[in-house]
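**Q** got a predicted structure plus its sequence, pasted below:
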Amino acid sequence: MADPKREELQVKAKRAILVSVISPSSHINKEQALDELKGLVETAGVKVVGTLVQSRENPHPATCLGKGKLAELKSMVKPVDAELIIFDNNLSPSQGRNIEEETGTIIVDRSELILDIFATHAKTYEAKLQVELAQLLYFRPRLKRLWTHLERIEGGVGAGRGPGEKQLETDRRLLDKRVAELKRKLSEVEKRRERTVSNRFQQLTVSLVGYTNAGKSTLMNALTGADVYIADQLFATLDTRTRRWELPHWGEILLSDTVGFVRNLPHHLVASFKSTLEEARQADLLLHVVDSSNPEVEHHIKTVNEVLEEIGIDYSNALLVFNKSDKVEDRSKLDVLRLKYENAITVSAVSGEGLDRLSQAVIDRLASGYVIVEIETPVGNGKLLSQLEEHSLILSREYSSDDTRVTYRARIARRFLPVLKSSEDTEIRIHDDGDQGSPNQLQHEESIHEV
Ligand SMILES: Nc1nc2c(ncn2[C@@H]2O[C@H](COP(=O)(O)OP(=O)(O)OP(=O)(O)O)[C@@H](O)[C@H]2O)c(=O)[nH]1
Ligand SMILES: [Mg+2]
């Protein structure tokens, strides 16, 4: 069921020249400049037929490339039969138009390309709404150019002249209407999600975040087993990116996967993907997965942290996971990284190396925020039971021999401890040991209430 409106916005041409304008002081050198873009382009199903990199202090305000390079680009198009030119830079609407006029070829910039990839990959209802919204917002100021695309694609007469202002006005109004409609639908979905997420208080959640291609999904499969999609009634509203993860000697938690980050993420996309990252915002712990075999690893870490900050997710407690250790050729580089990021865990989602250590580190992190409580109370203390059900995970109930009293054992976040009020006939004991809350190993006891 292709949505014709969306179809129009997708890159259809298949042969492309890739272009990048980089600053001479950039950490990226000319040879590497297009590596990432090549990966993105291939994901979009486009064939690279030529490349051009210019080192320039600042992109030219009118054409991004300097005059000479622009002429060079123009001369490259015909011999290789390029159907479009893809810039690694983000172009202003007028830069895009100018380059298009100069080269006579469709121009796609970094944001458009990423939007296009997201549009093809969006699977869930919400993701589709978000991508469409992001696309419309991005294209709005570029409508004029888009019309030129369409005319060229259809080989229409008057290519390059663009539609009359009147037509543009009508289009903008239609577009604004659709934007409003998408926003309304999204806010409904968000409300529903908020409810689902907050209902899941008792179940601890860990979220995987990280640069695109770091191996988040692979790690998710390795940790949770390939086919354990959630089919349980209670979580029926979750999509398949959240799975159960059985931590040894700890119990079951939820692990959720998120969309990958890239540098220069289109601004509108960041905003509209905020709610997709709601899982990450509510998570008890973030696992920040990085591809430790990638030479850009430190920049990836920085980018991810910047995006997290931009969308208001606290990453100070994230646990860094150096993935793909099997692929690292120069182990000494990995050692340097590990010295720098001392608490990071090194793993390979493919070979399984380090996964046990990762589970243990996750348990240690989660445990520090939780304690086990033992509460003895008369049977029928409904108020206490409902408090426990709301704020803790009940691990066991045991009745006294005459069935008049019950002892609950429950795991509760420290911050919720004040909720539990002792009374004359209720005794609360907190088990707070080095293992902080592992349900199987209770040692030291600390009583907050003496009967
Ligand atoms: N050698 C090696 N390859 C890995 C490892 N983990 C993941 N990969 C590969 O890296 C590629 C990307 O893996 P994904 O799991 O899709 O990465 P992702 O982080 O989910 O990517 P996005 O969903 O695009 O953000 C795949 O080809 C994986 O097979 C690993 O530990 N070692
Ligand atoms: Mg993935």
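**A** Looks like it came in fine. Ligands and ions are numbered 1, 2, ... in the order given.

**Q** give me the nearest residue to residue 295, chain neighbours excluded.
**A** Excluding the flanking residues, the one nearest residue 295 by CB to CB, 6 or more residues apart in numbering is residue 32, at 7.6 Å. Heads up, the C-betas are built off the backbone N, CA and C, glycines and all.

**Q** let's verify that neighbour: helix, strand, or coil?
**A** coil (DSSP: H, G, I helix; E, B strand; the rest coil).

**Q** for it, what are phi and psi?
**A** phi -90, psi -10 (degrees, to the nearest 10).

**Q** now do it, the pLDDT please.
**A** pLDDT for residue 32: 78.

**Q** any idea how far it is from residue 76?
**A** 21 Å (CB to CB, to the nearest Å).

**Q** which of those two has more neighbours?
**A** Taking other CB atoms under 10 Å, residue 32 and residue 76 do not tie; residue 76 has more neighbours (19 against 15).

**Q** thinking that one is in contact with residue 69, fair?
**A** No. Using CB atoms under 8 Å, residue 76 makes no contact with residue 69, being 10.4 Å away.

**Q** so where's the stretch 51-200 of the chain shaky on pLDDT?
**A** Applying pLDDT under 70 to the stretch 51-200 of the chain flags residues 121, 123, 143-166, 193-200.

**Q** just the strands in it please.
**A** Remark: strands assigned in the stretch 51-200 of the chain by DSSP state E, counting those that start in this stretch are 84-87, 106-108.

**Q** up against ligand 1, what does the stretch 151-300 of the chain have?
**A** Within the stretch 151-300 of the chain, the positions near ligand 1 by CB under 6 Å from any ligand atom are 210, 212-218, 260.

**Q** hang on, the earlier thing: which among the strands of the stretch 51-200 of the chain is found nearest to residue 338?
**A** strand 84-87 (36.5 Å; CB to CB).

**Q** next one: that closest one to chain centre, how far?
**A** Relative to the centre of its chain, strand 84-87 is centred 26 Å away, using CA atoms, centre = their mean, to the nearest Å.

**Q** over to whichever residue of the stretch 201-350 of the chain sits closest to ligand 2. Which of the three states is it?
**A** Relative to ligand 2, the nearest point of the stretch 201-350 of the chain is residue 217 (3.4 Å; CB to the ion). Following three-state DSSP, residue 217 is assigned to helix.

**Q** the closest residue in space to it that isn't next to it in sequence - how many residues pack around it?
**A** Computed as CB to CB, 6+ apart, the closest residue to residue 217 that is not its neighbour in sequence is residue 257, at 5.6 Å. Using other CB under 10 Å, residue 257 has 22 other residues around it.

**Q** surely residue 257 and residue 218 touch.
**A** No. Residue 257 is beyond contact range of residue 218, at 10.0 Å (criterion: CB under 8 Å).

**Q** which residue is the nearest non-sequential neighbour of the residue in the stretch 251-400 of the chain that ligand 1 sits nearest to?
**A** For the stretch 251-400 of the chain, the residue closest to ligand 1 is residue 260, as judged by CB to the nearest ligand atom, at 2.1 Å. In this structure, residue 260 finds its nearest non-sequential neighbour in residue 212, 3.0 Å apart by CB to CB, 6+ apart.

**Q** touching, that neighbour and residue 290? I think so.
**A** No. Residue 212 is beyond contact range of residue 290, at 11.3 Å (criterion: CB under 8 Å).

**Q** looking at these two, which is more packed in?
**A** Between residue 212 and residue 290, counted using other CB under 10 Å, the more crowded position is residue 290 (25 against 20).

**Q** who are the contact partners of residue 213?
**A** Applying CB atoms under 8 Å, 6 or more residues apart in numbering, we find residue 213 in contact with 39, 260, 291.

**Q** tell me, how many residues neighbour the closest residue to residue 23 other than its chain neighbours?
**A** Distances taken as CB to CB, 6+ apart place residue 57 nearest to residue 23, at 6.4 Å, with adjacent residues excluded. Neighbour count of residue 57, defined by other CB under 10 Å: 8.

**Q** quick one, phi psi at residue 57?
**A** According to degrees, to the nearest 10, residue 57 has phi -50, psi -50.

**Q** next: residue 208.
**A** According to degrees, to the nearest 10, residue 208 has phi -90, psi 120.

**Q** who's it bridged to?
**A** residue 287 (DSSP bridges).

**Q** what residues does it make contact with?
**A** So residue 208 contacts 216, 219-220, 255-258, 287, 289 (CB under 8 Å, 6+ apart).

**Q** among those residues, name the buried ones.
**A** 216, 219-220, 255-258, 287, 289 (16 or more other CB atoms under 10 Å).

**Q** from those residues, pick the one nearest residue 137.
**A** Within the buried ones among the contacts of residue 208, proximity to residue 137 (CB to CB) peaks at residue 258, which comes in at 21.5 Å.

**Q** among the contacts of residue 208, find the lowest-pLDDT one for me.
**A** residue 258 (78).

**Q** not counting sequence-adjacent ones, nearest residue to residue 377?
**A** residue 426 is the one closest to residue 377 (CB to CB, 6+ apart), at 4.2 Å.

**Q** tell me if I'm right that that neighbour and residue 383 touch.
**A** No. Contact status for residue 426 versus residue 383: not in contact, 10.1 Å apart, counting by CB under 8 Å.

**Q** okay, these two: which has more neighbours?
**A** A side-by-side neighbour count of residue 426 and residue 383, using other CB under 10 Å, places residue 426 first with 17 against 10.

**Q** check contacts around the more buried one.
**A** Applying CB under 8 Å, 6+ apart, the residues near residue 426 are 375-378, 381, 384, 449.

**Q** mind doing that once more with 10 Å?
**A** Taking CB atoms under 10 Å, 6 or more residues apart in numbering, we find residue 426 in contact with 375-378, 381, 384, 405, 420, 449, 451.

**Q** and the residues you listed, which of them are in strands?
**A** 375-378, 405 (DSSP state E).

**Q** any of these buried? List them.
**A** Here, 16+ other CB under 10 Å leaves 375-377, 405 buried among these.
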